[in-house]
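Asks: Following is a predicted model, sequence given first.
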Amino acid sequence: MKRFERLGRIRRLDPVADAVEIYRLSAAFEFPWDYTRALELALYRTYAVPSIGRLLAETAELTGRAQKRYDDTVLLLDTVVEHGFAADEGRAAIRRINQMHRSYDIGDDDMRYVLSTFVVMPRRWIDTYGWRRLSQHEIVATAEYYRTLGRHMGIPGIPRTYEEFEALLDAYERDRFDWDEQARRVSDATLDLMASWYPRLLGPVLRTATLALLDEPLLRAFRYPSPGAATTALVRRAVRARGRFVRLLPPRRRPHFARQNWEVKGYPAGYRVADLGTRPVPGLRGCPVRHLDSSAADVVE
């Protein structure tokens, strides 16, 4: 297979009717590392909206159980990507997501904003750091994929196009990003989690590198000092260089799903979709993802 052969396949598909397949090809074959980083950043930037950051601080999901919350979020979203919306696995994952959200008082505006970060941030990240830019087919398919996810989650007023998602995100952040002490605690816990994936001596360097990848509105909202122009330029050049190197490699022949990422550490014995998002139970051993929970709340159709 040649480097751009899969892109040709993507362009032969319908970006709306085949949105799930296009998104899977893009996320699991073309840009698995980039999608992981972009979706991490997407979720992270939502903490700068005080209503979201405070809620996460009050639940202690990201301050007391950061690794589990990270794992559960990745695995639930990944299950839908891997299996699709119609498969039992995908439906079970969405039921679990809906169950989790019903436990909290989350406004529709915040839900639409979070959904918009999943659509917009991967394009912005990949167009900046990926081995190629996203095609128009991939952009349209991504918006349609998350429109479908949003409908299954019962979110009203979902934007119709990528451009509408982008306009929503930019306006929401301009109006809502603000300092909040509890949100800063969530941000610090997330940076600490990311640093914990590497040798301890690298912690300060990794924290600085992560801050160098954040935009100014995020840095201001969390009141982080700027890493400086030289450091920011160096880090961003290094990530772009990675993309140029990947471009020279042969294309991926097997899919890489987020559940295969080494950052997911909480379920070495496997897991059940029904157990994701719950508080850890001492001594519980997981089982493969194909074990589903039919008693969970019905998915929104």
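Replies: In hand now; what should we look at?
Asks: and Leu193, how many neighbours?
Replies: 15 (other Cβ atoms under 10 Å). Bear in mind the C-beta positions are built from the backbone N, C-alpha and C, glycine included.
Asks: in the stretch 51-200 of the chain, which spans are strands?
Replies: Using DSSP state E, counting those that start in this stretch, the stretch 51-200 of the chain contains no strands.
Asks: Do a quick rundown of the helices in it.
Replies: All helices of the stretch 51-200 of the chain, identified by DSSP state H, counting those that start in this stretch, fall at 66-83, 88-102, 108-129, 136-152, 162-176, 181-196.
Asks: Show me what the first one is in contact with.
Replies: Contacts with helix 66-83, where a contact means Cβ atoms under 8 Å, 6 or more residues apart in numbering, come from 23-24, 27-28, 39, 43, 61-62, 89-90, 92-94, 96-97, 149, 189-190, 192-193, 196, 255, 257-259, 261, 263-267, 271, 273, 276-277, 280, 289.
Asks: Generate a PyMOL selection restricted to the buried subset of those.
Replies: A single PyMOL command suffices to select whichever of these are buried according to 16 or more other Cβ atoms under 10 Å:
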select buried, resi 23+24+27+28+39+43+61+62+89+90+92+93+94+96+97+149+189+190+257+258+259+261+264+266+267+271+273+276+277+289
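Asks: Can you say which of the helices of the stretch 51-200 of the chain is nearest to Gly8?
Replies: Across the helices of the stretch 51-200 of the chain, Gly8 has its closest neighbour in helix 136-152 (10.5 Å, Cβ to Cβ).
Asks: other SSEs contacting that closest one?
Replies: Applying 3 or more Cβ pairs under 8 Å, 6 or more residues apart in numbering; DSSP states H and E, one finds that helix 136-152 contacts helix 5-12, helix 19-24, helix 88-102, helix 108-129, helix 162-176.
Asks: could you give the angle of the longest one to helix 88-102?
Replies: When you say that, I think you mean helix 108-129. For helix 108-129 against helix 88-102, the angle by axes from the mean of the first three to the mean of the last three Cα atoms, to 10 degrees is 120 degrees.
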